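Asks: quick one: sequence plus predicted model below, questions after.
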Amino acid sequence: MKAVYPIIMTKYKREYYPYYINIPDFNCSIHASDVSSGMELARQKIAEKIINLQSTNQKVPCSNYVIPTLNHADIITLIDVDTDDFQVLKKNKKLFGVF
């Protein structure tokens, strides 16, 4: 399954994982050390959420191309997700983060 969802990244003044990444369509969030790893971790988190929803026959949110505008954040962007690629990477243990 291929899909696109918005993420909202906010940088906080702290050394340990300063980026807070909100993934509104899945009502979850993660932390990252920098923008690049934050985007990759968000992509992996979304893929994992989709796979978990599908495995329990729950509804997966439709792709959402709308960029939220009411949030104060350093970065608001769209993330593309391919759950088939994610499952191959997970099987081969080549994921960026730990899930």
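Replies: Sure thing, it's come through.
Asks: now the nearest residue to Lys49 once chain neighbours are set aside. Its backbone dihedrals?
Replies: In this structure, Lys49 finds its nearest non-sequential neighbour in Phe26, 4.6 Å apart by Cβ to Cβ, 6 or more residues apart in numbering. C-beta here means a position set from N, CA and C on the backbone, and glycine is covered the same way. Backbone dihedrals for Phe26, given as degrees, to the nearest 10, come out at phi -120, psi 10.
Asks: what number of residues are in the vicinity of Phe26?
Replies: Applying other Cβ atoms under 10 Å, we find 19 residues neighbouring Phe26.
Asks: and it, how far is that from Arg14?
Replies: 24 Å (Cβ to Cβ, to the nearest Å).
Asks: so which elements touch the longest strand along the chain?
Replies: Looking across the chain with DSSP state E, the single longest strand is strand 2-11. Counting contacts by 3 or more Cβ pairs under 8 Å, 6 or more residues apart in numbering; DSSP states H and E, strand 2-11 packs against strand 19-23, helix 35-55, strand 75-82.
Asks: convert the C-alpha atoms of stretch 75-93 to CSV, please.
Replies: Extracted as CSV, the C-alpha positions of stretch 75-93 are listed here (Å, rounded to 0.1, in the frame of the first residue of the first chain):
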residue,chain,number,x,y,z
ILE,A,75,8.6,22.0,9.6
ILE,A,76,5.3,20.8,8.2
THR,A,77,5.6,18.4,5.3
LEU,A,78,4.1,15.3,3.7
ILE,A,79,5.6,11.9,4.1
ASP,A,80,5.2,9.1,1.5
VAL,A,81,4.8,5.6,2.8
ASP,A,82,5.1,2.2,1.0
THR,A,83,4.2,-0.6,3.4
ASP,A,84,5.5,-3.3,1.0
ASP,A,85,8.9,-1.7,1.1
PHE,A,86,8.7,-1.3,4.9
GLN,A,87,7.9,-5.0,5.3
VAL,A,88,10.9,-6.0,3.2
LEU,A,89,13.2,-3.7,5.2
LYS,A,90,11.8,-5.0,8.4
LYS,A,91,12.4,-8.6,7.4
ASN,A,92,16.0,-7.8,6.4
LYS,A,93,16.5,-5.7,9.6
